[in-house]
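Asks: would you be able to build a 3D model of this:
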Amino acid sequence: MPQAKQGDSVKVHYTGKLDDGTVFDSSADRDPLEFIIGSGMIIPGFEQAVIGMAPGESKVETIPTDNAYGPYLEEMVLTIDRQQMPLELEPEIGQQLQLQHPTGGVIPVVITEVSQGTVTLDANHPLAGEDLTFEIELVEIG
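Replies: Okay, the predicted model is just below:
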């Protein structure tokens, strides 16, 4: 029976959970996730978990922070003067925005605090600092 290896195109069904059991993502109600192992399209720990699996096989894998979205970094939190925000924007906690990086890239941020004079933006991935547990089923090696 073939086993998934570097360079293979694979399709997997998965459910991702936090340590407290909260489900943060799942492919259960949609098509399986398709990716090429080693392409860097998904977190490294997930790719590693799929290597060696055969079609139809399932497993549960806990991926530590370092192989998931990395540690939560305080330097990725930025407090700006409210006057730097667009006038038409009424900032709210939980609101997602995109900042233009000087190199031309876009950085997704979430507003975490709003006061009279300042707005706090967090550019950490929402799952940064979390160990993630995935239930993975290899559907197909393409």
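Asks: C-alpha from now on. contacts and neighbour counts both.
Replies: OK.
Asks: helices or strands next to the worst-scoring helix or strand of the chain on mean pLDDT in the packing?
Replies: Lowest mean confidence among the helices and strands of the chain (mean pLDDT, DSSP states H and E): strand 96-100, at a mean of 90. Counting contacts by 3 or more CA pairs under 8 Å, 6 or more residues apart in numbering; DSSP states H and E, strand 96-100 is packed against strand 106-114.
Asks: if we can go back for a sec, other residues contacting the least confident helix or strand of the chain?
Replies: Outside strand 96-100, the residues that touch it by CA atoms under 8 Å, 6 or more residues apart in numbering are 106-111.
Asks: which residues touch residue 129?
Replies: With contact set as CA under 8 Å, 6+ apart, residue 129 has these partners: 65, 69-72.
Asks: buried stuff in whatever helix or strand residue 24 lives in?
Replies: Assigned by DSSP states H and E, residue 24 belongs to strand 23-26. Neighbour counts over strand 23-26 (16 or more other CA atoms under 10 Å) mark residue 26 as buried.
Asks: immediately after it, which helix or strand?
Replies: strand 33-36.
Asks: can you give the strand pairings for that next one, parallel or anti for each?
Replies: Strand 33-36 has the following strand partners under DSSP bridges: strand 9-17 (antiparallel).
Asks: show the average pLDDT along the strand it pairs with.
Replies: Strand 9-17 shows a mean pLDDT of 98.
Asks: export that strand to PDB, keeping only CA atoms.
Replies: Only the C-alpha atoms of strand 9-17 are listed here, as PDB (Å, rounded to 0.1, in the frame of the first residue of the first chain):
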ATOM      1  CA  SER A   9      -0.100  15.600  -3.700                       C
ATOM      2  CA  VAL A  10      -2.500  14.400  -1.000                       C
ATOM      3  CA  LYS A  11      -6.100  14.900   0.100                       C
ATOM      4  CA  VAL A  12      -6.900  14.800   3.800                       C
ATOM      5  CA  HIS A  13      -9.900  15.300   6.000                       C
ATOM      6  CA  TYR A  14      -9.100  16.900   9.400                       C
ATOM      7  CA  THR A  15     -10.400  18.400  12.500                       C
ATOM      8  CA  GLY A  16      -8.200  20.800  14.500                       C
ATOM      9  CA  LYS A  17      -8.600  21.300  18.200                       C
END
